[in-house]
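> The following comprises the amino acid sequence and a computationally predicted model.
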Amino acid sequence: IKVTCNHCLGLPIECANHNVSGDATRRVGSGKGNLCDRDMVGWMRFVDRAGTAVVRKAPTGRCGGLDAGWILGVYPTEPGATTLSTLCYVDEIGNPCSTSKPIRTTHCGDFLVFEIPAPPDCPTRACTEDYTFN
């Protein structure tokens, strides 16, 4: 689903122009499956049963794929700010960062958006969880 928002004035374009996913199988702790992020490349906002952010520690579970992705880095803390981090992938034998890709995260005021890169292989997915702004 493509989304545009009227309250995003003054924020980076990705705050107004991103895809949205509420897929619960992506949540940390979910079992393995054959799902892959190859169809999710680009700016993404996670909502509802998916949680609201890509996890920042090596996940348990496979999040609907085989290799599970997590962010090694920090989320931006100010609206309009973007951070560059590493999206690490845990492989089937538990190596926490067997492969990785750069990932950008933008703070859009009351939510985060993530620039999901093309996965190194399939089935590979970024894992999500609930995140609350302090």
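Received, thanks.
> doesn't His25 fall inside a strand?
For residue 25 the amino acid is Thr, not His. No. With DSSP: H, G, I helix; E, B strand; the rest coil as the criterion, Thr25 is assigned helix and is not in a strand.
> can you list the weak-confidence ranges in this protein?
Low-confidence segments of the chain, defined by pLDDT under 70: 1-9, 134.
> Helices of this structure, start to end?
Counting by DSSP state H, no segments of the chain form helices.
> residue nearest the centroid of it?
With distances taken as CA atoms, centre = their mean, Val54 lies nearest the centre of the chain, 3.8 Å away.
> My guess is it contacts Leu87. True?
Yes. The pair Val54 and Leu87 passes the contact test of CB atoms under 8 Å, sitting 7.3 Å apart. (Glycine included, C-beta is placed from N, CA and C.)
> who touches both of these two?
Among the neighbours of Val54, those also in contact with Leu87 (CB atoms under 8 Å, 6 or more residues apart in numbering) are Gly69, Trp70, Ile71, Ile103, Ala126.
> Would you mind measuring from the last one to Cys63?
From Ala126 over to Cys63 the distance is 7 Å, taken as CB to CB, to the nearest Å.
> The two: who's more crowded?
Counted by other CB atoms under 10 Å, Ala126 and Cys63 do not tie: Cys63 has more neighbours, with 34 against 28.
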